[in-house]
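Asks: what's the 3D shape of this:
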Amino acid sequence: MTDHTALYVYALVPDRPGAADGITGLDGRPLRLAGVPGTGVAALVHDAAPAPYEGGDDEVRRWVAEQSEAVTAVWERTGSVLPMTFNVLVADDTGSGRTAEQRLAAWVAEQEPGVGEQLAALEGRCELRVEITVDRAAAVESGPGTGLPEGQPADGSVSPGMRRLLAKQREREARDAAGRLADALHAEVRQRLLAVAEDVRDRGPVHRSADETDVLSAALLVRTEDIDAVGAVLSDLGARQPAVRIRFFGPWPPYSFTDDRHRAYAEPSAP
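Replies: Numbering: from 1, shown residues only. Okay, the predicted model is just below:
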């Protein structure tokens, strides 16, 4: 890509001089902030050809990871960010004579009231992701006896058919026990997380193991100073409920809490 008549746009951020210094993006390209006078908003960009990035699956995954790393690095310096999706390009307009930077600035200026409000609302906030499940084996309610039907010997001479029946019975008991515990915990956990997070958005069930039952999979919008409070809620839950399995990710830029309207400004691949 040598014909730099377009801008590849990573994100919109507060205009902080020097915030992109030394940060690189896709294929190591140096990034810069394209400020928009009168708005306090800048676009994180690199100069590019007016053609989308295309490649094999591994190459695209690498580019997406590089974009995410670049956005995170600038977010850590500016305190707020509205990330773009992959392959957002703004090209020069040969018909009007406007450059890509002029076109992008005009769009940002038009969108500035909403963009500015979002950046202000997300300042000092991050996204955490929490996945909580119940280990079915650990959730089985213990009880007396061997679990053998009446009349069956307890000396290991159980028939193969009976062993299969008992295995299915234990599996069903474990699934039911885990389901009861998950149902009992869901509302409690969500309420406790909402007490320390500004917003909680469900992300749908995520099974980490076939032997686990979902309790909650959610993205949390949290003030950076409240990250430890979220950790304390989860630690207390784990201490009280040994069958619970907790996975805690972040902090990240608040991808799940940005308004998708600002992402719609994607140029055609051809100039």
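
Asks: alpha carbons only for contacts and neighbour counts from here, please
Replies: Fine.

Asks: pLDDT on stretch 68-86, on average?
Replies: On average, the pLDDT along stretch 68-86 is 96.

Asks: cool, and stretch 214-232?
Replies: Mean pLDDT, stretch 214-232: 96.

Asks: So which bits of that stretch are buried?
Replies: 214-223, 226-227, 230 (16 or more other CA atoms under 10 Å).

Asks: Next, give me the two most distant ones among these.
Replies: Farthest pair in these (CA to CA) is Asp214 and Arg223. Separation: 26.2 Å.

Asks: Pretty sure Ala43 sits against Val13.
Replies: Yes: look at Ala43 against Val13 with CA atoms under 8 Å: they come within range, at 6.2 Å.

Asks: just to revisit the earlier point, tell me which entries of the buried residues of stretch 214-232 lie within strands.
Replies: With DSSP state E as the criterion, strands contain 214-223 from among those.

Asks: of those, closest to Pro17?
Replies: Nearest to Pro17 among these is Arg223, at 23.9 Å by CA to CA.

Asks: Apart from its neighbours in sequence, what residue is nearest the closest one?
Replies: Arg125 (4.3 Å; CA to CA, 6 or more residues apart in numbering).

Asks: is it true that the one you found touches Pro254?
Replies: Yes: using CA under 8 Å, Arg125 is in contact with Pro254, at 7.1 Å.

Asks: Give the buried residues for the helix or strand of the chain with the lowest mean pLDDT.
Replies: Confidence across the helices and strands of the chain bottoms out at helix 160-194, with a mean of 83, counting by mean pLDDT, DSSP states H and E. For helix 160-194, burial by neighbour count (16+ other CA under 10 Å) applies to 166, 171, 173-179, 181-182, 185, 189-190, 193.

Asks: Mind picking the two most distant members of these?
Replies: Put simply, by CA to CA the two of those set farthest apart are Leu166 and Leu193, 39.2 Å from each other.

Asks: Just list what the least confident helix or strand of the chain packs against, helices and strands only.
Replies: Judged by 3 or more CA pairs under 8 Å, 6 or more residues apart in numbering; DSSP states H and E, helix 160-194 is in contact with strand 125-135, helix 136-139, strand 199-202, strand 212-223, helix 227-240.

Asks: how about Val41, phi and psi?
Replies: phi -120, psi 140 (degrees, to the nearest 10).

Asks: ditto for Pro205
Replies: According to degrees, to the nearest 10, Pro205 has phi -60, psi 140.

Asks: go on, Pro52?
Replies: With angles defined as degrees, to the nearest 10, Pro52 sits at phi -70, psi 160.

Asks: All further residue positions should be reported with the first residue as 356.
Replies: From this message on, residue numbering opens at 356, which makes the last subject Pro407.

Asks: wait, it sits on Asn442?
Replies: Yes: under the criterion of CA under 8 Å, Pro407 makes contact with Asn442 at 5.8 Å.

Asks: correct me, but Glu421 touches Ile378?
Replies: No: Glu421 lies out of contact with Ile378 (CA under 8 Å); the separation is 10.6 Å.

Asks: quick one: pLDDT of the closest residue in space to Thr379 that isn't next to it in sequence?
Replies: Leaving aside its sequence neighbours, Thr379 sits nearest to Pro385 (CA to CA, 6+ apart; 4.4 Å). Pro385 is assigned 97 on the pLDDT scale.

Asks: Any figure for the gap between Pro385 and Leu549?
Replies: Per CA to CA, to the nearest Å, Pro385 is found 39 Å from Leu549.

Asks: Then Glu478?
Replies: Here Glu478 is placed at a distance of 19 Å from Leu549 (CA to CA).
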